[in-house]
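# here's a sequence, model it:
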Amino acid sequence: MKKAFLFRAILALAVVGLAAGAATRLAYISRPRAAARIMSTGRNERTLILDPGHGGADGGAVSVTGTYESQINLAIALRCRALAELYGVDTVMTRESETLDYPESASTIHAKKVWDTKARVELVSSTPYAVLISIHQNKYTTASPHGSQALYAKTEGSQELAQAMQSNLSQVTGESKRTAARIGESIYLMNHVDCPAVLVECGFVSNVLEAKKLEEPAYQLKLAAVIVGTYLNSVC
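Here you go, the predicted structure:
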């Protein structure tokens, strides 16, 4: 099963890599037994919801290179969708561009953020057999922290998926000390859905070297391969 999946993943990466003009290699995707048991519903019945964090009036964190987090999130999410669709996975995006169509009643930035967050919750809640993966970037007050971290919601299956995600992401980022952790109560989206949900902090935009990598299509594709590969292994 592992060899067959690895072959399919490499093939998918080759196709997407050629289209993107970026050569990349898939890190080995492990399949922890706990992750393999988190969902009894078949893969073809599940819907993967990819949530590129922020967007519209909310650019999120600003990297040391001046790039908005929302742009990096979207780029990685679009690559995730491309890979997932190659496997025939039903995929939904909470947004597909940096522009969001706000209602007239949302006249302030705060109101726009509230409307957008609730709209994403409604989308997830109205999707049967959904699995939510929210893509974000981290930022710290100093430049030294680096690496990815997977955060999980309180819903059933979330912790196992995050632990598998963390293990696989560590092989790409080279940061092995981080562990999957429970999401904070302040993250509205992750605390108001009833499906398996994981938020992936792909890297630190406050770290110069990592921020530059996060803007590279080849590195974005590598992260996307791990995210989608872990998802596939967790629902097979």
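# which parts of the protein are strands?
Ranges of strands in the chain, per DSSP state E, are 47-52, 90-93, 130-138, 149-152, 181-182, 197-204.
# mean confidence score for the third one?
In this model, strand 130-138 has an average pLDDT of 98.
# returning to that earlier point: reformat the strands of the chain as CSV; add mean neighbour count and distance to Gln166.
Placement of C-beta: from N, CA and C, glycine included. Formatted as CSV, the strands of the chain follow (neighbours: other Cβ atoms under 10 Å; distance: least, Cβ to Cβ, whole Å):
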stretch, mean neighbour count, distance to Gln166
strand 47-52, 24, 18
strand 90-93, 16, 22
strand 130-138, 24, 13
strand 149-152, 24, 4
strand 181-182, 14, 9
strand 197-204, 27, 9
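# now tabulate the ones you listed in JSON lines and tack on distance to Tyr68.
As requested, the strands of the chain are arranged in JSON lines below (distance: least, Cβ to Cβ, whole Å):
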{"stretch": "strand 47-52", "distance to Tyr68": "11"}
{"stretch": "strand 90-93", "distance to Tyr68": "18"}
{"stretch": "strand 130-138", "distance to Tyr68": "10"}
{"stretch": "strand 149-152", "distance to Tyr68": "20"}
{"stretch": "strand 181-182", "distance to Tyr68": "25"}
{"stretch": "strand 197-204", "distance to Tyr68": "14"}
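# of all the ones you listed, which lies closest to Ala77?
Closest to Ala77 of the strands of the chain, according to Cβ to Cβ: strand 47-52, at 4.0 Å.
# tell me the strands beside that closest one, with direction?
Strand 47-52 pairs in its sheet with strand 90-93 (parallel), strand 130-138 (parallel), by DSSP bridges.
# in PDB, could you pull the C-alpha coordinates for it?
The C-alpha trace of strand 47-52 is given here as PDB (Å, rounded to 0.1, in the frame of the first residue of the first chain):
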ATOM      1  CA  THR A  47     -15.100  16.100   0.600                       C
ATOM      2  CA  LEU A  48     -11.800  17.800   1.300                       C
ATOM      3  CA  ILE A  49     -12.300  21.400   2.100                       C
ATOM      4  CA  LEU A  50      -9.200  23.500   1.600                       C
ATOM      5  CA  ASP A  51      -9.300  26.800   3.500                       C
ATOM      6  CA  PRO A  52      -6.600  29.300   2.500                       C
END
